[in-house]
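> below: sequence and its predicted model.
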Amino acid sequence: MQLIITGKNVEVTDWLRSYVEKKIGKLDRYLPTIDEARVELAVEKTKSAQDRQVVQVTVRSSGTILRVEEKSADMFASIDAAVDKMHRQIARYKGKQRRRGRPSPGEMPPVPVSEAEEEEPHIVRTKRFRVDRMDETEAIEQMELLGHDFFIFMNVNTDRLSVVYRRHDGDYGLLEPEVV
């Protein structure tokens, strides 16, 4: 497993690097087919001090990407929480593989998961709506007026279906899907 550790607004000290290597290195016990693990450590300027230390872990395994993000006031607590969350995602991924009749990657026993986490999510509501032509600024205004975290619109600048969404840092993102 290739482990890549990067820092954003934080110095990755030797001690911090070894802590991440120790924690992330254990992930391949649960999913031996991990090809690469990327860990981004960041310190963000947020209003809440409880959300400043951010850890993002992205794991690539046989064409599957698993990603988690955790925030807290302490970098080591964020790392621990991210690793715990990744364990649950790996268990969920292996459970889905098993239910579909595919061989589970790896031979190690899965992490115990509560019954609530084992349930498959399902669509509980379908909504049809009209998509208006507008630019990104109008779409953001519409999203804010509706109180949603995302908004789908026909972008007049690209003449394509697009989505604006609110990011965790308070800024906005724009999705422009491409059909392949």
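Right, received. Where do you want to start?

> am I right that Ala42 is in a strand?
Yes: according to DSSP: H, G, I helix; E, B strand; the rest coil, Ala42 belongs to a strand.

> ok, and the closest non-adjacent residue to it?
Leaving aside its chain neighbours, Ala42 sits nearest to Lys8 (3.9 Å; criterion: C-beta to C-beta, 6 or more residues apart in numbering). From N, CA and C alone the C-beta is placed, and that goes for glycine too.

> pLDDT score assigned to that neighbour?
What the model reports for Lys8 is a pLDDT of 91.

> next, count neighbours for it.
12 (other C-beta atoms under 10 Å).

> I figured it was touching Lys45, is that so?
No: taking contacts as C-beta atoms under 8 Å, Lys8 lies outside contact range of Lys45: 11.6 Å.

> hang on, isn't Val163 packed against Asn155?
No: using C-beta under 8 Å, Val163 makes no contact with Asn155, being 9.6 Å away.

> could I get the full set of strands for this protein?
Ranges of strands in the chain, per DSSP state E, are 2-8, 34-43, 53-61, 64-72, 133-134, 150-155, 160-166, 172-175.

> restrict the fourth one to CA atoms and write it as CSV.
Coordinates of the C-alpha atoms in strand 64-72 are reproduced here as CSV (Å, rounded to 0.1, in the frame of the first residue of the first chain):
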residue,chain,number,x,y,z
THR,A,64,-13.1,1.4,-5.7
ILE,A,65,-12.6,4.7,-3.9
LEU,A,66,-13.5,5.2,-0.2
ARG,A,67,-13.2,8.6,1.3
VAL,A,68,-13.8,10.0,4.8
GLU,A,69,-13.3,13.4,6.4
GLU,A,70,-13.3,14.3,10.0
LYS,A,71,-12.9,17.6,11.9
SER,A,72,-12.2,18.3,15.5
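
> ranking helices and strands of the protein by mean pLDDT, which lands last?
The weakest-scoring helix or strand in the chain, judged by mean pLDDT, DSSP states H and E, is helix 115-118 (a mean of 55).

> hang on, the earlier thing: next, the contact list for the residue nearest to Ala42, please.
40-43 (C-beta atoms under 8 Å, 6 or more residues apart in numbering).
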